[in-house]
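Chemist: Only the shape, not the letters, is given here:
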């Protein structure tokens, strides 16, 4: 049987979508990265998770990890504005599972917190892959994350208030680090296998009756 994850399948799908859309996908994916990934730990206000997802999509972060140990997540589509189609969402039932997965994939665990001897945002080492963890609105990150963190990161603040809303904090950090990354000599882009996977995924999401189309491809 034909493979639906190879370049032949992609070529078939791209005869169905417009040339403009195909080129748009290629252009956007050329600026996507998994060098940094974002993890949201039990953020119970769904609009914040949706807003962070939208920020990831805007600034080219391909993956968002959502830990649902206490609170299930429902995407607020009015805030996400379609970002859920273009960002990969990895869901975890426990913080331990998420930490294990990210460490096995080679990510440093970075806890974003103003309460530790943290590295300031502008001084953060961007040279190696990092998973940036953001915690709940009131309690911050769990002990598991704080204990297993390879480093701590904070935003410089000059007022009386000690903290920033989690979605605002994520936006500031993602924008800063992704901008620095793109201005560096680091190989931050998706690899060929990842590019193929996402081009197929995005093409599939753009085609009505994709199951019928795929069946026709497989048995043609």
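Modeler: Perfect, thanks for sending it. Keep in mind that this is a model prediction, so the values were computed, not measured. Residues are numbered from 1 along each chain as shown.

Chemist: center of this structure - which residue?
Modeler: Geometric centre of the chain, nearest residue: residue 63, 2.4 Å, by C-alpha atoms, centre = their mean.

Chemist: So what does that residue look like in phi/psi?
Modeler: Here is the backbone geometry of residue 63 (degrees, to the nearest 10): phi -120, psi 140.

Chemist: What ranges does the chain have for its helices?
Modeler: 7-13, 19-29, 46-58, 77-80, 95-104, 143-148, 166-182, 192-205, 210-218 (DSSP state H).

Chemist: name the helices or strands packed onto the fifth one?
Modeler: Using 3 or more C-beta pairs under 8 Å, 6 or more residues apart in numbering; DSSP states H and E as the contact definition, the elements that helix 95-104 packs against are strand 36-41, strand 63-67, strand 88-92, strand 108-112, helix 143-148. (C-beta placed from N, C-alpha, C; glycine too.)

Chemist: Mind doing that once more with 7 Å?
Modeler: strand 63-67, strand 108-112, helix 143-148 (3 or more C-beta pairs under 7 Å, 6 or more residues apart in numbering; DSSP states H and E).

Chemist: so how far is it from its chain's centroid?
Modeler: Taking C-alpha atoms, centre = their mean, to the nearest Å, one finds the center of helix 95-104 at 15 Å from the center of the full chain.

Chemist: what residue ranges in the chain score low on pLDDT?
Modeler: Residue ranges of the chain with pLDDT under 70: 1-2, 43-46, 69-83, 116, 137.

Chemist: so what's the residue nearest to the centre of the chain up against?
Modeler: Residues counted as contacts of residue 63 (C-beta atoms under 7 Å, 6 or more residues apart in numbering) are 34, 37, 88, 90.

Chemist: If we use 10 Å, what do you get?
Modeler: 32-34, 36-39, 56, 87-90, 102, 105, 131 (C-beta atoms under 10 Å, 6 or more residues apart in numbering).

Chemist: Of these, grab the buried ones for ChimeraX.
Modeler: Buried residues within these, by 16 or more other C-beta atoms under 10 Å, are selected in ChimeraX with:
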select :32,33,34,36,37,38,39,56,87,88,89,102,131
